[in-house]
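**Q** Below is the structure, and that's it, no one-letter string:
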């Protein structure tokens, strides 16, 4: 997967199209990412022994998005990610828009 935790991404499809945020979590097995402040859902949380001291009731959390619905942001525009091997043999991610290293 070409998108990693900490990347700044833009949503390119779905109800939150155009929203940007930082990737909080990557679920590579399911090809999904959780983006900060995007795809918010409301969960009903019950109070129990294990959650002692934590809030119960309605909680708003970010739900995962499919990785195909997000793209890396470069200068406010979506960019695709590619790879290049440097002269010393290290593999680096590059932006297909500008060719710069990410």
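**A** Perfect, I can see it now. Remember, it's a predicted structure, so these values are computed and weren't measured experimentally. Residues are numbered from 1 along each chain as shown.
**Q** Could you use CA atoms for every contact and neighbour count after this?
**A** Fine.
**Q** Let's check: the centremost residue of the protein is which one?
**A** residue 23 (3.2 Å; CA atoms, centre = their mean).
**Q** In the sheet, which residues pair with it? Tell me.
**A** residue 35 (DSSP bridges).
**Q** State the pLDDT value of it.
**A** Residue 23 carries a pLDDT score of 98 in this model.
**Q** can you pull the contacts of it?
**A** 4-9, 33-36 (CA atoms under 8 Å, 6 or more residues apart in numbering).
**Q** change it to 10 Å
**A** 3-10, 33-38, 70 (CA atoms under 10 Å, 6 or more residues apart in numbering).
**Q** Repeat that for residue 82.
**A** Residues near residue 82 by CA under 10 Å, 6+ apart: 2, 92-97, 99, 101-102.
**Q** Quick check: residue 68 is in a helix.
**A** Yes. The assignment for residue 68 is a helix, going by DSSP: H, G, I helix; E, B strand; the rest coil.
**Q** Does it touch residue 30 like I think?
**A** No. Using CA atoms under 10 Å, residue 68 and residue 30 do not qualify as a contacting pair, with a distance of 11.7 Å.
**Q** Compare these two (neighbour count), which wins?
**A** Comparing residue 68 with residue 30 by other CA atoms under 10 Å, the one with more neighbours is residue 68, at 13 against 10.
**Q** Helix or strand with the lowest mean pLDDT in this protein?
**A** strand 57-62 (a mean of 91; mean pLDDT, DSSP states H and E).
**Q** Run through who's touching it.
**A** 24, 33-47.
**Q** ok, and for it, which residues are buried?
**A** For strand 57-62, a neighbour-count test (16 or more other CA atoms under 10 Å) marks residue 62 as buried.
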